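Enquirer: okay, here's the prediction I keep looking at, along with the sequence it came from:
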Amino acid sequence: MKRLIFICFVLLFGGITSFSQDAILKGRVLETNSSQPVSNAEISIKTSTFYTVTNTLGEFSFFQKNLPQGPQILIISKLGNITLNIPILISNDTPINLDPILMEIDLREMEQQIGVISLSDAELDNDEGTSYSLSGVLQASNDVFLNAAAYDFSATYFNPRGFDNANGKLLINGLEMNKQYDGRPQWAAWGGLNDVQRNQVFSRGLHANDVTFGDVAGTTNISMRASLYRKGGRVSYATSNRSYRGRVMGSYHSGQGKNGWSYSVLLSRRYGDGGFQEGTVYEANSFFTSVEKKLNESNSINFTAFFTPNARGKSGALTDEVENLKGLAYNPNWGYQNGEVRNSKTKAVEAPTLMLNHFWNINPSTSLNTNMGYQFGKMGTTRIDYGGTRLVEVNGQETYIGGARNPYPNYYQRMPSYFLRFENLTSYDYELAYLAEKKFINDGQLDWNILYNANKIAKNNGGNAIYALQEDRQDDTQLMANTILNSHINEFVTINGSLNYRNLKSENYAALNDLLGGTGYLDIDYFAEGANNTIVGDVAQSDLQNRNRIVGVGERYKYNFELKANVISGFVQGQFKYTRMDFYVAATASQTSYQRNGLFENGNFPGALSFGESEKLNFTDYGGKAGFLYKITGRHLVDLNLGYFTKAPTLRNTFSNSRQRNATVVDLQSEKIQNVDLSYVFRSPILKARLTGYYNTINNQTDINFFFTESAQGYKDGYAFVQEVITGINTQKMGVELGVEAQVTPTLKLKTALSFGQNVYTNNPNQYLTSDDFDLLTFGDKTTKLKNYHLAAGPERAYQLGFEYRDPTFWWVGITANYFSNAYIDVSALRRSDAFTFGGDGQTDANYDPEIAKALLKQEEFGAYILINAVGGKSWRIKKYYVGFFATVSNVLNQEYKTGGFEDSRLADYKKVQEDQNRNSPIFGNRYFFGYGTTYYVNVYVRF
């Protein structure tokens, strides 16, 4: 790899030879109605190897004099437009200037692309468990496989090549939008802006990208530049039973005026009392504006601002027991209050974003784009806090009285399985289980009245609130800046480069959101233990500098700290395009620093252990990539891409328990990523196909999990709330992708797609536990035996067959059949450690049977399933107006299936896991995410 990168850079900086030839074929592509330039349109000469794209002015040119001679067909295509096939006659030294070439909008394709964004809303910001979907954010493109992944596979949380969206880069106006906390794009911060998100450039995998080095899952750059939007307006209404019930949207783009000004505006609203899952209340408004001024022929300045405040009720993973009793749509987080649906776990995002972009065409072949961005605001998720207490003194010692049981209806002590947990059951046990089952079926929602009544009784007795609504908040302030250089050295060589800076200050705290009728809440940890198992004194304090304080609505409590991050990065890239072969080579480097600043002095970790600034961590990272496209003929191509780079861990995986202490993860290192893919591409007027094989390894990954367990072997009775830190994780992803599309007739298209992969752990990583009850706890050889277990990355196998019919009278319909298999549950790492074999005395369980243990630790594979999806639409042109609708029905046959899940680590030792699994219905069974049943989406619009 290093030798290849060195050779490519020698070619790049030492072996460039310039050629000076007159263009013999050039042109300019404009949109029919608005006469605006069409940028990034693909230009090719049929059955030849010659290919280029239009620039921001819609211009293109071929400089080579060895173009195919005589009658030829020039193909011009872009997603959202009708493809043009223009007959031309090429003769050497006879220039051809096609100006203008007019392209018409393909309303059917445009509406289908908008539908992808809308239908993906539920996946884009899901933050429960491991259900992160990458395919929902893929831009629809001319690639058959990526279209299948974006439109049909995303509902199953299928992740191309096993990557989630933290392995891809998402940019807006050239600025990276992946959060530094967890590496994932926060799509809720710009949701509802569908009409202004269509100008996207997607680079698959580590392919060459003009603005950034990229990542293994690909790079998407959304351009929200006012001058790039087609002149005109659009008003639409959408309804769905998936995530929201209704959406109203209006947008208008001025196009570039004679005075050099252009502007774009959008307003939208999404709303609903619940989507497919009950109680998922949805309230979202979106505002967008972009204004651009062309200062002169060389300079333009653009200002973009968007604000998309939104709140949505969350659902969660369910056990089989709960799903069997209440069904797929059940959600325990909500209940009625005064006749209105109220969800206790509501996620709200308010993150205004401002961007200033300067575009400088230094000369006809070199441009410099400088961008600045500022994002601020908050993200919060509420939940019920049921540890409210009051302070009393017994024999001069502080004691706290109060607290309550978990109020959620699916709490394990309220389920039928809890009453059937004994070996020798009595008729009374069965009676209790029957009553619990009936109560859960008939009244299985959160009872807000009980919470208010409990607080009312406490208030009347002079006590504090027992129940409260807590909001876990992140208030981020982020500054972003970069400069991007693109220079065409000659007709064969292009140089790209950028310098980037990001600065983040993130305030993290718990805020008291609602006292639920109470008077105040005592800010102590009810579960903290002092000497002799007594809940007393300093250990219970959230903040030793404010002991036993009573907090009110809006005040911070429990935890309060800042996270700071600084990242400086850059990349340089050379792209070389010749008649038979294109290739590129790129390098990147970055410097990352993290620090925590504790604002509360936690009772379990007094002094500098929790208060003040932590150790400052620094990571230096680097990498390179290279690739080539060999054009065997105009129809047969071979594409190879390979890369190696390191990446700093995320903020989330840097501090072992950032809410309480300054401690950093032991032996924390940057990830090491290697990636290679090889593709064969065939393209003809009738058939398009791509077959790709890929291989990826990521080493030195870190993961932190938070949970309550009864199996912290070696600590008292094993009961503790822990942070499980896993370091040195190595993974391997390998497989093949295939996409084939055949235009059987001018109106009928057949398509198929296939993904066949394997995503596994390749080592036994290091593991330790931390807690406020103990400092550090390890088991046996200090590892967790994850080698050869599958990653929980969605289905490893996905197959599609489908067709699409497009009638000349502008109606169209498509149906696909999609088969999925080989999806696996996220395994408990604690069960795979030596804690599983140990008993409470730290010795191997006397009844341990290796064969039984093997069965207990076998990774669950979800069953295969088939999803049938239908999509269609119709459009009309009435004078200057376009009117139409787009509709889709997903999972037509109402197939029930699991999209993911995780094992519960509460029980993680041989004896307790065996006892639980031997029950007819485990108390702490696996938790699952279920796919939606039959859902629909309908969008009607008027464009003018």
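Expert: Received the coordinates, thanks. Residues are numbered from 1 along each chain as shown.

Enquirer: so where is the chain shaky, pLDDT-wise?
Expert: 1-23, 33-34, 63-65, 107-142, 529-536, 839-842 (pLDDT under 70).

Enquirer: okay, helices next: where are they in it?
Expert: 2-14, 107-119, 121-124, 144-148, 320-326, 416-419, 427-442, 448-460, 850-856, 910-917 (DSSP state H).

Enquirer: mind saving the C-alpha coords of the last one as PDB?
Expert: What follows is helix 910-917, C-alpha atoms only, in PDB (Å, rounded to 0.1, in the frame of the first residue of the first chain):
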ATOM      1  CA  TYR A 910     -23.900 -19.500  33.400                       C
ATOM      2  CA  LYS A 911     -26.300 -20.300  36.300                       C
ATOM      3  CA  LYS A 912     -28.600 -17.300  35.900                       C
ATOM      4  CA  VAL A 913     -28.600 -17.400  32.100                       C
ATOM      5  CA  GLN A 914     -29.500 -21.100  32.100                       C
ATOM      6  CA  GLU A 915     -32.200 -20.700  34.700                       C
ATOM      7  CA  ASP A 916     -33.800 -17.800  32.600                       C
ATOM      8  CA  GLN A 917     -33.500 -19.600  29.300                       C
END
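
Enquirer: chain center to it, what's the gap?
Expert: Offset of helix 910-917 from its chain centre (Cα atoms, centre = their mean, to the nearest Å): 35 Å.

Enquirer: for the fifth one, same thing?
Expert: On the basis of Cα atoms, centre = their mean, helix 320-326 is displaced by 28 Å from the centre of the chain it belongs to.

Enquirer: just stretch 829-847 next, same as before
Expert: 36 Å.

Enquirer: quick one: buried residues of that stretch?
Expert: 829-840, 845 (16 or more other Cβ atoms under 10 Å). C-betas here are computed from N, CA, C, even on glycine.

Enquirer: stretch 386-395 too?
Expert: For stretch 386-395, a neighbour-count test (16+ other Cβ under 10 Å) marks 386-391 as buried.

Enquirer: do I have it right that residue 630 meets residue 637?
Expert: Yes - judged on Cβ atoms under 8 Å, residue 630 makes contact with residue 637 at a distance of 6.8 Å.

Enquirer: distance from the centroid: which residue in this structure tops it?
Expert: residue 395 (54.3 Å; Cα atoms, centre = their mean).

Enquirer: got the contact list for it?
Expert: The contact partners of residue 395, taken as Cβ atoms under 8 Å, 6 or more residues apart in numbering, number zero.

Enquirer: same question, residue 325
Expert: 437, 440-441, 444.

Enquirer: give the bridge partners for residue 385, please.
Expert: Counting by DSSP bridges, residue 385 is bridged to residue 468.

Enquirer: wait, isn't residue 171 in contact with residue 219?
Expert: Yes - Residue 171 is in contact with residue 219 according to Cβ under 8 Å; the separation is 7.1 Å.

Enquirer: shared neighbours, those two?
Expert: Joint contacts of residue 171 and residue 219 (Cβ under 8 Å, 6+ apart) are residue 212.

Enquirer: what about the nearest residue to residue 523 once chain neighbours are set aside, how many neighbours?
Expert: Of all residues not flanking residue 523 in the chain, residue 557 sits nearest, at 4.2 Å (Cβ to Cβ, 6 or more residues apart in numbering). By the criterion of other Cβ atoms under 10 Å, residue 557 has 24 neighbours.

Enquirer: quick one on the thing from earlier: out of residue 630 and residue 637, which sits in the more crowded spot?
Expert: Applying other Cβ under 10 Å to residue 630 and residue 637 shows that residue 637 carries more neighbours, namely 20 against 14.

Enquirer: ok, so what distance separates residue 575 from residue 584?
Expert: 5 Å (Cβ to Cβ, to the nearest Å).

Enquirer: find residues that contact each of these two.
Expert: residue 208.

Enquirer: picking that back up, just send the contacts of residue 325 back as CSV, with neighbour count and distance to residue 175 too.
Expert: Output for those, formatted as CSV (neighbours: other Cβ atoms under 10 Å; distance: Cβ to Cβ, whole Å):
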residue, neighbour count, distance to residue 175
437, 16, 53
440, 21, 49
441, 11, 51
444, 18, 45
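
Enquirer: neighbours around residue 623, how many?
Expert: Residue 623 has 21 nearby residues by other Cβ under 10 Å.

Enquirer: contact partners for it?
Expert: Applying Cβ under 8 Å, 6+ apart, the residues near residue 623 are 213, 587-589, 643-646, 673.

Enquirer: most neighbours among these, which one?
Expert: residue 213 (27 neighbours).

Enquirer: which residues touch that one?
Expert: 571, 573, 586, 588, 623, 625, 645 are the contacts of residue 213 under Cβ under 8 Å, 6+ apart.

Enquirer: closest one of those residues to residue 91?
Expert: Using Cβ to Cβ, residue 573 comes nearest to residue 91 of these, at 35.8 Å.

Enquirer: chain neighbours aside, what residue packs nearest to the closest one?
Expert: Using Cβ to Cβ, 6+ apart, the nearest residue to residue 573 is residue 586, at 3.7 Å.

Enquirer: ok, the nearest residue to residue 201 once chain neighbours are set aside - contacts?
Expert: Closest residue in space to residue 201, ignoring its immediate chain neighbours: residue 221 at 4.9 Å, by Cβ to Cβ, 6+ apart. Counting by Cβ under 8 Å, 6+ apart, residue 221 makes contact with 171-172, 174, 200-201, 209, 211-212.

Enquirer: right, I'll leave it there.
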